[in-house]
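Colleague: Fold the following.
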Amino acid sequence: MPENATLWDLVSDERIAIEEVGCAVDMYLAEPTTQTHALGPDHVLDLAAAVAAHAFAPATMVDVEADEPSRRMAVRSALLMARPTAR
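Modeller: Model prediction:
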């Protein structure tokens with residue numbers, strides 16, 4: 001796996017369980033300033049930076065008309081496209 005693998009790459013390669021992505025989404029929604037979140041035994045991800053860097057997730061998070069499923073999907077998309085770092 002390349003060093004610059006996305007979270008989706010790591011999930012697809014079964015190095016990180018998809019359930020951990022759900023936990024990361026929950027963590028971000030509970031505390032949007034979360035910076036260091038462990039993913040699997042070998043990776044960490046800055047959740048706040050991952051969402052901030054995404055094309056539409058930040059706008060969805062501040063949209064007062066966005067419902068909870070839309071917010072969850074935006075955060076999930078942002079995290080899956082992010083590149084975790086190895087510990």
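Colleague: rest of the way, CA atoms for contacts and neighbours
Modeller: Fine.
Colleague: Val11 touches Ala17, doesn't it?
Modeller: Yes - assessed by C-alpha atoms under 8 Å, Val11 is found in contact with Ala17 at 5.9 Å.
Colleague: and these two? which has more neighbours close in?
Modeller: Remark: of Val11 and Ala17, Val11 carries more neighbours, 17 against 14, as counted by other C-alpha atoms under 10 Å.
Colleague: what about this structure, any weak spots by pLDDT?
Modeller: Residues of the chain meeting the criterion pLDDT under 70: 1-2.
Colleague: ok, the residue nearest the centre of it - contacts?
Modeller: Centre of the chain computed as the mean C-alpha position; nearest residue by C-alpha atoms, centre = their mean is Leu79, 2.2 Å away. Applying C-alpha atoms under 8 Å, 6 or more residues apart in numbering, we find Leu79 in contact with 7, 21, 25, 47, 50-51.
Colleague: C-terminal to the helix or strand harbouring it, which secondary structure element comes first?
Modeller: Per DSSP states H and E, Leu79 falls inside helix 68-81. The first helix or strand that comes after helix 68-81 along the chain, using DSSP H and E, is strand 85-86.
Colleague: which residues in the protein form strands?
Modeller: Under the criterion DSSP state E, strands of the chain are mapped to 37-39, 43-45, 85-86.
Colleague: will you turn the ones you listed into JSON lines that also has distance to Ala30 and mean neighbour count?
Modeller: Converted to JSON lines, these look like this (distance: least, C-alpha to C-alpha, whole Å; neighbours: other C-alpha atoms under 10 Å):
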{"stretch": "strand 37-39", "distance to Ala30": "13", "mean neighbour count": "19"}
{"stretch": "strand 43-45", "distance to Ala30": "16", "mean neighbour count": "19"}
{"stretch": "strand 85-86", "distance to Ala30": "22", "mean neighbour count": "15"}
